[in-house]
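>>> structure of the sequence below:
(chains A and B)
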Amino acid sequence: MAAKAARAQVGVRRIVAALHWQRPAERSLLDIADLAREMQAELLALFIEDLDLLHLAALPFAAQIGAASATRHALDAAALEQLMRARAAELRSALEQASGGTLRWSFRIARGSPARLLAAAGAEDAPTLLLPAGADIAAAAHPIVLGELTEALLAPLLARRQPVLVRPGAAGGAARRATGR
Amino acid sequence: MDIRASEPGTALTLAQLRRSCDPAALGFRTTAELADLEDGLGQSRAGAAIEFGTGMRAQGYNLFAMGPEGSGRHTLVMRDLRARAASLEAPADWCYVFNFDTPHKPRALRLPAGKAAALKASLERLIEDLRAALPAAFESDEYRNRHRQIEAELAARQERAVGEIGERARAQGIALVHTPSGFGFGPLGKETVMAPEEFQALPDAEQKRYEELVARFQEELATVLQEMPRWRREALDRVRQLNREVAGTAIGSLMAELELEYRPLPPVHEHLKKLQQDLLDHAELFRATKDGEAPSVFGLPLPSPDADESPLRRYAVNLLIGHAAASGAPVVYEDHPNHDGLVGRIEHISRMGALVTDFTLIKAGALHRANGGYLVLDALKVLSEPYAWEALKRALRSREIHTQSLAQAVGWLSTISLEPEPIPLDVKVVLIGERRLYYLLHAYDPEFAELFKVIADFEDDVPRENGDLRHARVIAALARKEGLRPLDAAAVARVIDRQCREAGDTAKLSASMQSLADLLRESDYWARSAGREVIGAADVGSALEAQDRRRDRVRSRLLEDLVNGARLVDTAGARVGQVNGLAVLQLGDFTFGTPHRITARARLGGAGVVDIERESGLGGPLHSKGVLILAGFLSGRYAASRPLSLSATLVFEQSYGGVEGDSASSAELYALLSALSGAPLAQRFAVTGSVNQHGDIQPIGGVNEKIEGFFDLCRARGLDAAGDPPGVIIPAANMRNLMLREDVVEAVAQGRFAVHAVRTVDEGIALLTGLPAETVNARVEAKIAELAERARSFAGVGKKPWQPKPPARK
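Now for the predicted structure:
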């Protein structure tokens, strides 16, 4: 509750849900949609296609080791693309149903580095809350100034599924504002 | 009353026709004054056999109580068994419990009477307590932290193992990538895995190096991943050990008291020890789970100990048989003794479209319930149920109860089912059935004689004694038991008369308690209808009349045919070669007599006496035998030294069904003697009795019904006091069977009807012809001699006289 109050105080106008093919994202996306409705923020569902995986699948010796079977299987690029499109369609459909006409939302499929994509989709003139799928939406957000957002900074946060509050501004002074100094 | 045979050829006295019970001699006003008769209705032979059979505990001394239906077999057997059982100790309780070593073979536990229910309740309470105590233990901070630690250590171990490979790969320019099914390795570009075009641009040697590196890391990762199930299993073992530690304290403290209580019963104590061990092994079953979720560790469902919805059922007690400690030995009557009803059954419940079972679904059979006591069964019912007889014999032979389904018993079922531990059997079985069944079983089942060594043979009738007072007490007890009104002395006398008539012997009373109870109930109905508080003789009379009226449609129709002349039977005048015979018909439980015309014709010939009934296939073997016997009498008396050159025919006129029995053989003989002698027979008589080759008249059955049958016809045609009255000639040996209707006796008293008893053919023929027997015999002899002479004269024409052959010369 404290985190939610803090966000309201900050004046979050946009929430970006970072969705990934790999994670159990539906339930999380619906929770994020509820939060956006509650905060009267716009929701951007950003389905990030995994560039590493796509590149790997396109290589001539592409293969995967099964986590359960510990055996080597071929990795088919076309099948992988199809899988990702299907996952994106499922999530979009789930969000459409959950919006109920009372939520401003958009759904975008993007490919590439999450940091760059999120930077592009993130705040310019108002704080943006970045919520990775599976994140605890009640947890305190890690503040980052937009100008300082890098892949190296963002990757571990996304891996830990930690909420990130992106404030507008260039590197340096904005960071200080975000931390309250 | 002294019954003596009357003088030959004379009519019987009134006292000889009916031996009525004298109400005044009974010495009470109503049956309300009479005490119950403790030892029942004179079945002393059966009573002694039951006493011996129930007291004899050796193997094979089971009882077969045989006798006619309704003779009080059930009542006497149950009463005697209950009396003996009450003095015996209550047998042990039995229950089935889960077999922790071999789950499909439930264990049978024996406990002292009344203790099994306590064990069941104790274990139910234990499980209930554990349902609260164990989840609390598993929710404790200590357990959660230690469990979380095990989970975390496993996760860290897995992540570390994969992460180490990933780091080493990255150090050599290879990225570890998550794929839909696991992991993959690819050459690392600036930030991501190299795009295909970037990789293609590399020199061949560089491409090959990357491929080799990728292959190597794939192998390494595969090796690590192969280890992971073992790590998971190790973690699972640690969780189990943790569960045992946490649960051990809770279980141990709750079971301590139980162990102490059942230490004197080693089998129960052993079961409790195994149960405790199993509880420790499966403590997680008690953990509170979210709705619809099975208990799991690391997301893996825990193995369920069986396919049951509630795995805790394995700790239950199936109380098969429980006795109150002071209840005595059981006496069980099984009304539906089919296979499962005897040896018990294993029920199934449907789950997910499959039929499943466990030890809690084993149900007791009659043998279980009667174990340690007595089991009473109807023999016919046991024999009628498929495989029930075999199951009963198997149990008695092996002295064990094997509970298994019928399909298992006959080998139709090959799927796995339960094999409950057999329960030792100590039971006395009393089979109740008809004599016919006993003799059939004895003849055709070799095991029967070994298993049922004691016969309790119930009498069809009992002797009249003590002025019928004893029987009056039986009637009084029965009326009280049935909740009927008391009977006054006259009503009791009327009932006793009826019982005497049913016995067919003036010195005996019928032992059929069923017909007696029916008569009392129906008499009570008529008394109630008349608004009387005490059943009177009139009510008994009404009941008897109503009984007869309900059943006598056929008799009425036959009488109607006789009266209107459709069936020819004369009751007046005289005629040569014609006599009135008497037949008895039994339709269900209603028996009545009716007269038949019997005729005989005789002429020269060599065919002897021809029985037309036999020739036409309508005569039964006994009837044919009777005719052959009378032919033997004829030859022996009248043609001992000359050939019988006679062709005589005998027939039951207007008989279109079968004729059986030899009770008409005397009548047939009279008709034949009349035909031969030319002496007409008086048609006012009807005759019954069989005859032997010496001309003695022998007793027959149904004498009362036969006399009444002819009486009814004569009455319908008009009984006249003037002249010789119509009557019936019966064998003198049947005089003791006479218990005629009151209206018949009254007609005899008024001289309108008569009953004659004869001992020989000569007595009978004298009555029928009105001539001395010697005269008739002389005429018969002369006729036969004449026929023989004529036959000889026919045979001698054109032939030389017969001479012996001379001896052959050597």
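>>> in chain B, which residue sits furthest out from the middle?
residue B:203 (98.7 Å; Cα atoms, centre = their mean).
>>> for that one, list the residues it contacts.
Residues near residue B:203 by Cβ atoms under 8 Å, 6 or more residues apart in numbering or on different chains: none. Heads up, the C-betas are built off the backbone N, CA and C, glycines and all.
>>> could you do residue B:703 as well?
B:504, B:688, B:730-731, B:734, B:737-738.
>>> what about it, distance to residue B:667?
14 Å (Cβ to Cβ, to the nearest Å).
>>> close to chain B: what parts of chain A are there?
Counting by Cβ under 8 Å from any Cβ of the partner chain, the residues of chain A close to chain B are A:21-22, A:50-53, A:55-56, A:58-73, A:75, A:80, A:83, A:113, A:151.
>>> just the ones of the residues you listed in strands?
Of the residues of chain A next to chain B, the ones assigned to strands by DSSP state E are A:63-66, A:72-73.
>>> pull up the overlap in contacts between residue B:703 and residue B:667.
In contact with both residue B:703 and residue B:667: residue B:688, using Cβ under 8 Å, 6+ apart.
>>> which strands and helices sit next to the longest helix anywhere in chain A?
If you go by DSSP state H, chain A has its longest helix at helix A:77-99. Helix A:77-99 makes packing contacts with helix A:25-39, strand A:42-49, helix A:51-58, strand A:105-111 when contacts are defined by 3 or more Cβ pairs under 8 Å, 6 or more residues apart in numbering or on different chains; DSSP states H and E.
>>> wait, which of those is closest to residue B:579?
helix A:25-39 (109.4 Å; Cβ to Cβ).
>>> check the chain and tell me which residue is nearest its centre.
No chain in the question, so chain A it is. By Cα atoms, centre = their mean, the most central residue of chain A is residue A:18, 1.2 Å off.
>>> that residue pairs with what?
residue A:46, residue A:132 (DSSP bridges).
>>> residue A:44 is in contact with that one, correct?
No - Residue A:18 is beyond contact range of residue A:44, at 9.7 Å (criterion: Cβ atoms under 8 Å).
>>> the helices and strands packed on helix A:77-99 into a markdown table, with extra columns for mean pLDDT and mean neighbour count?
Shown next, in a markdown table, are the helices and strands packed on helix A:77-99 (pLDDT from 0 to 100; neighbours: other Cβ atoms under 10 Å in any protein chain shown):
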| stretch | mean pLDDT | mean neighbour count |
| --- | --- | --- |
| helix A:25-39 | 85 | 19 |
| strand A:42-49 | 88 | 22 |
| helix A:51-58 | 87 | 23 |
| strand A:105-111 | 87 | 16 |
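>>> just the buried residues out of the residues of chain A next to chain B, in ChimeraX syntax.
To isolate the buried members of those in ChimeraX, using 16 or more other Cβ atoms under 10 Å in any protein chain shown:
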select /A:21,50,51,52,53,55,56,58,59,61,62,63,64,65,66,67,70,72,75,80,113,151
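>>> where does chain B have low pLDDT?
By pLDDT under 70, the weakly predicted segments of chain B are B:1-10, B:38-41, B:288-309, B:325-326, B:413-416, B:796-810.
>>> spatially central, which residue of it would that be?
residue B:381 (2.2 Å).
>>> hang on, that one packs against residue B:337?
Yes - using Cβ under 8 Å, residue B:381 is in contact with residue B:337, at 5.4 Å.
>>> buried sites along stretch B:409-427?
B:409, B:417-423, B:425, B:427.
>>> any idea how far residue B:792 is from residue A:144?
153 Å.
>>> got it, and residue B:338?
Counting by Cβ to Cβ, the gap from residue B:338 to residue B:792 is 74 Å.
>>> circling back to that earlier point, and of the helices and strands packed on helix A:77-99, who's closest to residue B:349?
With Cβ to Cβ as the yardstick, what comes closest out of the helices and strands packed on helix A:77-99 is helix A:25-39 (36.5 Å).
>>> name the helices or strands packed onto the closest one?
Where contact means 3+ Cβ pairs under 8 Å, 6+ apart, helix A:25-39 is packed against helix A:2-10, strand A:14-20, strand A:42-49, helix A:77-99, strand A:128-132.
>>> try 7 Å this time
The elements that helix A:25-39 packs onto, with contact taken as 3 or more Cβ pairs under 7 Å, 6 or more residues apart in numbering or on different chains; DSSP states H and E, are strand A:14-20, strand A:42-49, helix A:77-99.
>>> tell me which of the ones you listed sits most buried.
Sort the helices and strands packed on helix A:25-39 by mean neighbour count, taking mean count of other Cβ atoms under 10 Å in any protein chain shown, and strand A:14-20 sits at the top with a mean of 25.
>>> run through who's touching it.
A:25, A:29, A:32, A:35-36, A:41-48, A:91, A:114, A:118, A:121-123, A:126, A:128-133, A:158 (Cβ atoms under 7 Å, 6 or more residues apart in numbering or on different chains).
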